[in-house]
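# mind looking at a prediction? Sequence and model below.
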Amino acid sequence: MLYKAIGRLLKIGTLLSTWGLMATVLLQIFCRFSPFDTPSWTEEASRLFFIYAMSFAAGLAMKNDFYVHLDMFYNRFPARFKKILNLGIPVISLLLFLIMAFYSIKFIVLGIPEKSPSMGFNMGVAFCSMFIMSASISYYLWRKIHKIYKSTKV
């Protein structure tokens, strides 16, 4: 239940952010080829939509194992070393992303008094994308580690 809800939330966030990015870029393009002036907020909005699209999609990429693998090197290793890598890399990645999630909360709090230059919104909103990315990747890494542990346990 939670697994599907998190996946659905990440998909919706990715879609909305991507649509927002496309809308702001299309507005910029339209205004450049028309007599209308391009609104000053579109550059910052498109940057923010892009950041959020990547943040939401990063967890989905981890869920579906869409990250790059260096199979050319991996296939040359002995089977025992492959088993160590299969568990070690997700564990180390999980630790790094948990650290990132922890410090991103502090970063969000630091950004609360700041205002964005052209849109005027709270910069904690922009910095929240780091927490979304690190938390979603951590969640799917934890599930992957749990799955590996259960499959190797006899």
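Nice, thanks for sending it over. Numbering: from 1, shown residues only.

# chain center to the helix or strand where residue 95 lies, what's the gap?
For residue 95, the host element (DSSP states H and E) is helix 79-111. Averaging C-alpha positions (CA atoms, centre = their mean, to the nearest Å) puts helix 79-111 13 Å from its chain's average.

# in that helix, what's buried?
For helix 79-111, the neighbour count (16 or more other CB atoms under 10 Å) marks 90, 93-94, 97-98, 100-101, 104, 108, 111 as buried. (Glycine included, C-beta is placed from N, CA and C.)

# please apply the same query to stretch 34-49.
Those buried within stretch 34-49 under the rule 16+ other CB under 10 Å are 41-46, 48-49.

# specify which member of these is nearest to residue 124.
residue 48 (12.5 Å; CB to CB).

# measure the residue lying closest to residue 93 once chain neighbours are set aside to residue 40 for me?
Spatial nearest neighbour of residue 93, chain neighbours left out: residue 141 (5.6 Å); criterion: CB to CB, 6 or more residues apart in numbering. For residue 141, the distance to residue 40 (CB to CB, to the nearest Å) stands at 39 Å.

# where in this protein is pLDDT low?
153-154 (pLDDT under 70).

# can you tell me the SS state at the residue of the chain positioned farthest from its centre?
Residue farthest from the centre of the chain, counting by CA atoms, centre = their mean, is residue 35 at 37.3 Å. Secondary structure state of residue 35, per DSSP: H, G, I helix; E, B strand; the rest coil, is coil.

# okay, and residue 11 sits in which element?
Following DSSP H and E, one finds residue 11 within helix 2-32.

# which residues sit against the helix or strand following that helix?
Counting by DSSP H and E, the next helix or strand C-terminal to helix 2-32 is helix 41-63. By CB atoms under 8 Å, 6 or more residues apart in numbering, the surrounding residues in contact with helix 41-63 are 6-7, 10-11, 13-14, 17-18, 20-21, 24-25, 27-28, 31, 66-67, 116-119, 126, 129-130, 132-133, 135-137, 139-141, 143-144.

# having no further points to raise, I will conclude here.
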